[in-house]
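A.B. asks: No sequence on hand, only this structure:
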């Protein structure tokens, strides 16, 4: 049991965050109007934000609805690329060195 806990503590928090964020994106229901948001511009009543819709667009992309994903936010594919690259880098650093930066 101690070995498992030691290995769990050696996993960088950023890696857990990125994997968790991908899992959270999969649970989004993109068709609903009322959704939870952390956007400060939306809370201030500003109608347009460059980041709003990115999570829903990423969900639509996974579901295969490419046209709706592109119309909601055209950078969804790039966001997946950045997240997967960062996850890959963290795992590679975890295997080779213990420097998670």
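C.D. replies: Perfect, I can see it now. Note that this is a predicted model, so its numbers are computed, not measured.
A.B. asks: Where does the prediction get shaky in this protein?
C.D. replies: 8, 33-36, 97-101 (pLDDT under 70).
A.B. asks: all helices of it, in order?
C.D. replies: 2-9, 13-26, 40-44, 54-63, 66-72, 76-96 (DSSP state H).
A.B. asks: Let me see the residues that make contact with the shortest one.
C.D. replies: It refers to helix 40-44. 37, 48-49, 52 (CB atoms under 8 Å, 6 or more residues apart in numbering). Using the backbone N, CA and C atoms, a C-beta is placed for each residue, glycine as well.
A.B. asks: go on, the first one?
C.D. replies: Outside helix 2-9, not one residue touches it by CB under 8 Å, 6+ apart.
A.B. asks: let's go with 10 Å and repeat that
C.D. replies: residue 16 (CB atoms under 10 Å, 6 or more residues apart in numbering).
A.B. asks: Please renumber the chain so that the first residue is 31 from this point on.
C.D. replies: Will do, 31 is the new start, and the previous item becomes helix 32-39.
A.B. asks: got the angle for that helix vs helix 43-56?
C.D. replies: Per axes from the mean of the first three to the mean of the last three CA atoms, to 10 degrees, the angle that helix 32-39 makes with helix 43-56 is 80 degrees.
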